[in-house]
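Student: quick one: sequence plus predicted model below, questions after.
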Amino acid sequence: MKVPVELGERSYEVSIGPGVRHELKQLVASRAPRARNATIIASSALADQPWFDLDSGLEQFVELVPDGEVAKRVRVAEDLLERLGERHHSRDDVVVAVGGGAVTDLAGFVAAVYARGVPLVLVPTSLVGQVDAAIGGKTGVNLLAGKNLAGAFHQPLGVLCDADVLESLPERERRSGLGEVAKCWLLTGRRSEDVAQSSQHDLVVMAVTMKAEIVSRDEREGGARVLLNYGHTLAHALERIALSRNPDELRHGEAVAIGLAYAVRLARALGRVGDDDVRHHDEVLDVLGLAHELPANFATDDLVNAMGHDKKAHHDLSFVLPGRAGFSLVSSVSPQVVGEVLDRWRGER
């Protein structure tokens with residue numbers, strides 16, 4: 001299946017299905033005909049996988065980077081940029097990202113800033129990468145001050161979401177991807193009882209289609225695309241604190257699931273929704289097997305402070321929240337209310 005992302009001259013397709021990684025050679029030949037070499041950037045854990053058999057049809061170089069969020073460090077990006085320079089990677093040559101959301105973010109950033117932008121192909125190998133990180137052209141690396149604070153928009157030539165590679169995912173990685181799936185499911189207003197009837201392929205197609213449609217309308221987050229940040233204000237705060245303690249403590253999708261459960265409770269406290277909406281969110285998260293309670297080792301004051309430093313905060317506390325007329329960005333939310341809802345939520349257990 002192919003899902004179009006309509007962006008004029010920057011348009012591309014997201015291919016979904018078993019074996020689509022083998023479309024790489026054809027994609028490069030048709031979209032980057034002047035390319036002479038390809039640099040494949042992949043997480044180190046993937047190089048020994050039996051499906052790591054990509055063929056770009058060009059002279060290939062493989063650069064391995066750390067797994068997870070630790071790959072999204074400025075020094076890792078700097079090392080990759082130096083390697084591209086050393087081998088005289090030209091503006092026509094291709095960068096191919098193979099890995100989860102962290103690798104696609106990192107490789108996309110490198111492709112965006114090297115020589116002011118070089119062709120990029122994404123082969124996301126995690127569920128969160130396929131349904132979220134690889135679509136829309138957002139790239140970035142983390143700074144000590146916050147997640148994704150250094151970044152650029154850089155659209156790929158194409159995205160290859162191969163179902164085969166998901167078979168090798170550890171269970172925790174699969175669940176992490178379901179956090180972004182839950183976000184898309186809730187934003188589209190689908191019934192909680194239908195989640196259990198959906199296959200993994202159905203869920204990927206649903207999420208990819210929704211994100212592609214929104215990105216096609218709003219490439220640079222000037223309008224509708226902000227809705228894709230649903231659940232992310234608290235999620236990024238959780239990630240920022242967790243990363244400072246242990247990079248493996250909390251995955252992105254795990255944080256998003258917690259952020260979704262919190263966002264609907266904040267919306268209820270602000271009079272935007274009622275108890276039925278909270279129950280609906282909890283049911284969707286439960287069916288997908290996602291933990292959505294606030295961990296006890298995240299202090300309320302620390303979370304409120306971290307939310308204020310999120311790159312989407314606009315110097316106040318802003319949240320995408322549901323309401324009777326749909327989802328919208330709500331700014332200038334009182335830090336006191338934010339903290340009170342966090343504390344009340346802890347008391348639900």
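Tutor: Arrived safely.

Student: tell me the spacing between residue 149 and residue 335.
Tutor: Noted for residue 149: a distance of 21 Å to residue 335, by CB to CB, to the nearest Å. C-betas here are computed from N, CA, C, even on glycine.

Student: likewise for residue 118?
Tutor: 42 Å.

Student: not counting sequence-adjacent ones, nearest residue to the residue nearest to the spatial centre of the chain?
Tutor: Nearest to the geometric centre of the chain sits residue 133, at 3.3 Å (CA atoms, centre = their mean). Nearest residue to residue 133, sequence neighbours excluded (CB to CB, 6 or more residues apart in numbering): residue 101, at 3.4 Å.

Student: what about the chain, any weak spots by pLDDT?
Tutor: 310-315, 349 (pLDDT under 70).

Student: which residues in it form helices?
Tutor: Secondary structure of the chain (DSSP state H): helices at 24-31, 74-86, 101-113, 127-128, 163-166, 171-187, 200-217, 232-245, 252-269, 275-287, 300-308, 335-346.

Student: reformat these as JSON lines; add mean neighbour count.
Tutor: Output for the helices of the chain, formatted as JSON lines (neighbours: other CB atoms under 10 Å):
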{"stretch": "helix 24-31", "mean neighbour count": "17"}
{"stretch": "helix 74-86", "mean neighbour count": "15"}
{"stretch": "helix 101-113", "mean neighbour count": "27"}
{"stretch": "helix 127-128", "mean neighbour count": "27"}
{"stretch": "helix 163-166", "mean neighbour count": "20"}
{"stretch": "helix 171-187", "mean neighbour count": "23"}
{"stretch": "helix 200-217", "mean neighbour count": "19"}
{"stretch": "helix 232-245", "mean neighbour count": "22"}
{"stretch": "helix 252-269", "mean neighbour count": "25"}
{"stretch": "helix 275-287", "mean neighbour count": "17"}
{"stretch": "helix 300-308", "mean neighbour count": "17"}
{"stretch": "helix 335-346", "mean neighbour count": "15"}
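
Student: could you dump these into TSV and include distance to residue 5?
Tutor: Listed next are the helices of the chain as TSV, based on distance: least, CB to CB, whole Å:
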stretch	distance to residue 5
helix 24-31	13
helix 74-86	24
helix 101-113	14
helix 127-128	18
helix 163-166	19
helix 171-187	15
helix 200-217	5
helix 232-245	21
helix 252-269	21
helix 275-287	26
helix 300-308	30
helix 335-346	34
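
Student: out of those helices, nearest to residue 156?
Tutor: Closest of the helices of the chain to residue 156 is helix 101-113, at 7.3 Å (criterion: CB to CB).

Student: quick one, that closest one and helix 74-86 angle?
Tutor: Using axes from the mean of the first three to the mean of the last three CA atoms, to 10 degrees, the inter-axis angle of helix 101-113 relative to helix 74-86 is 50 degrees.

Student: other SSEs contacting helix 101-113?
Tutor: The contact analysis (3 or more CB pairs under 8 Å, 6 or more residues apart in numbering; DSSP states H and E) places helix 101-113 against strand 37-43, helix 74-86, strand 94-99, strand 120-124, strand 138-143, strand 146-153.

Student: counting contacts, what elements does the fourth one pack onto?
Tutor: So the one you mean is strand 120-124. Secondary-structure packing of strand 120-124 (3+ CB pairs under 8 Å, 6+ apart): helix 24-31, strand 94-99, helix 101-113, strand 158-162.

Student: any chance of those in a markdown table, plus distance to residue 261?
Tutor: Formatted as a markdown table, those follow (distance: least, CB to CB, whole Å):
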| stretch | distance to residue 261 |
| --- | --- |
| helix 24-31 | 38 |
| strand 94-99 | 28 |
| helix 101-113 | 21 |
| strand 158-162 | 27 |
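
Student: the helices and strands packed on helix 101-113: which one's closest to residue 183?
Tutor: Closest to residue 183 of the helices and strands packed on helix 101-113 is strand 138-143 (CB to CB; 15.0 Å).

Student: who's in contact with that closest one?
Tutor: 69, 72-74, 76-77, 104-109, 111-112, 148-154, 243 (CB atoms under 8 Å, 6 or more residues apart in numbering).

Student: distance check, the closest residue to residue 41 other than its chain neighbours against residue 128.
Tutor: Nearest non-adjacent residue to residue 41, counting by CB to CB, 6+ apart: residue 107, 4.1 Å away. Distance of residue 107 to residue 128, given as CB to CB: 15 Å.
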